[in-house]
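# Using only what follows, build the 3D model:
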Amino acid sequence: MATIALVIAMRAEAAPLIEELGAIPQPVGSSIPTQVFIATHGSDTVVIGVNGVDPVHGVDLVGTEPAVLTTMQVIERWKPDVVISAGTAGGWSRSAAEIGDVFVGWPHIVRHDRRIGIERFHEYGIGSHPVWDRSEDLAAALGARKGIVTTSNSLDESEIDREWILSLNGEVKEMEAAAVAWVCALSGTPFVAIKTITDLVDHPTPTADQFLANLNTASTRLSEILPEAIRWCAESVNSAGY
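Numbering: from 1, shown residues only. Below you'll find the predicted structure:
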C-alpha cells in the first residue's frame, strides 16, 4: 500500500480534488496554518496538504515559505512514498501553451528570482531541484506535456525575470514547486510537479486578470487529472516494492 501526498497552495485549487476523493480534514496540532485532508484511493492513502490562510490578511498562503511548512508537516507525519506539487501556473505562447494545458515538471525544477552573484551561491540560488525519475513516464501516461517548472514569489514577470527564465529554458512559471522539491530532496522523498495553465505570461492581458478568469477552469482540469496521477504513482510504488 502506497501513500501519495499532494502539496497545494490555494483552497480553490484543492477543493475539487478534496470533494471528489471525499478527503477528511485532519488535525495538524500546531500554530502552523497548514490544512491536511486524508482520503483512501483503493488500498492506498492520499494526503492533501493545503498551505492554509494568512491570519493577518485572510488570503491563501501562496509562495515558497508556506510551501516549505506544508511539505515538512506532510513528510514528517505521514512519510509519503511520493510528493506531488500540484496547482495552477503560467505558461507562454512562445511554447505553444494554452489555458488548461497540463504540464509535468521535467527534467528538474528551478528558481528564477533567487539571484546571488557569488561563486557557488549562484548555483544554489537557481537550485535545479531533482524530480522523480518516473516523471517522464508519468507525463506520457497522463498525456501531459513536459517542461522545466520555474518558481518565484511573484505572480508577474519582470524584465530580468524574463531574461533568467529564457536562459533556464523555463516553460511553466509558478510560486511553490522549487520549495516543495527542496524539502523532498532533503528527506529523500520522490518529487513530482503537476501544473495546469491559468495564464499566458507573454499575453497582452495582465497576468492577474487571466489568472482570476481562468482559475476555476484550470482547477477543474487539475482535479480531473490528479486522480489518474495518484493511481499511476501508487501503482508504480507498489510494483517497485518501495
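# Who are the contact partners of the residue most central in space within the chain?
Taking Cα atoms, centre = their mean, the centroid of the chain lies closest to S85, which sits 2.7 Å from it. S85 makes contact with 6-7, 67, 105, 176-177, 180-181, 191-195, according to Cβ atoms under 8 Å, 6 or more residues apart in numbering. Quick note: C-beta positions are derived from backbone N, CA and C, even for glycine.
# Tell me the most packed of those residues, by neighbour count.
Using other Cβ atoms under 10 Å as the neighbour test, the contacts of S85 are led by V180, with 35 neighbours.
# That residue and P204, how far apart?
Separation of V180 from P204 (Cβ to Cβ, to the nearest Å): 31 Å.
# if we can go back for a sec, name whatever forms a beta bridge with the residue nearest to the centre of the chain.
Note on S85: beta-bridge partners by DSSP bridges are V7, A193.
# swap in the one 4 residues further on?
Judged by DSSP bridges, the bridge partners of A89 are I197.
# which residues touch it?
By Cβ under 8 Å, 6+ apart, A89 lies in contact with F103, V149, V172, K173, E174, K195, T196, I197, T198.
# can you tell me which residues contact the last one?
Just to be clear, that refers to T198. Shown in contact with T198 (Cβ under 8 Å, 6+ apart): T88, A89, G90, I99, Q210, F211, N214, L215, T217, A218.
# Let's see that with 6 Å instead.
T198 is in contact with T88, F211, N214, L215, A218, counting by Cβ atoms under 6 Å, 6 or more residues apart in numbering.
# Kindly report the same for P33.
Listed by Cβ under 6 Å, 6+ apart, the contact set of P33 reads G52.
# make it 7 Å
Neighbouring residues of P33 by Cβ atoms under 7 Å, 6 or more residues apart in numbering: G52, V53, P55, L61.
# which among these end up buried?
Taking 16 or more other Cβ atoms under 10 Å as the criterion, what is buried in the contacts of P33 is G52, L61.
# of all the contacts of P33, which comes closest to I109?
L61 (19.7 Å; Cβ to Cβ).
# how about the nearest residue to that closest one, chain neighbours excluded?
N51 (4.0 Å; Cβ to Cβ, 6 or more residues apart in numbering).
# max-length helix in this protein?
Ordering each helix of the chain by length in residues (DSSP state H) puts helix 207-240 first.
# That one: which residues count as buried?
So, applying 16+ other Cβ under 10 Å, buried residues of helix 207-240: 207, 210-211, 214-215, 218-219, 221-223, 225-226, 229-234, 236-237.
# Show the average pLDDT along it.
If you average the pLDDT over helix 207-240, you get 94.
# Which other helices and strands does that helix contact?
Packing partners of helix 207-240 (3 or more Cβ pairs under 7 Å, 6 or more residues apart in numbering; DSSP states H and E): strand 3-8, helix 11-21, strand 35-41, strand 82-91, helix 135-142, strand 191-200.
# what about 10 Å?
The contact analysis (3 or more Cβ pairs under 10 Å, 6 or more residues apart in numbering; DSSP states H and E) places helix 207-240 against strand 3-8, helix 11-21, strand 35-41, strand 44-50, strand 82-91, strand 102-111, helix 135-142, strand 191-200.
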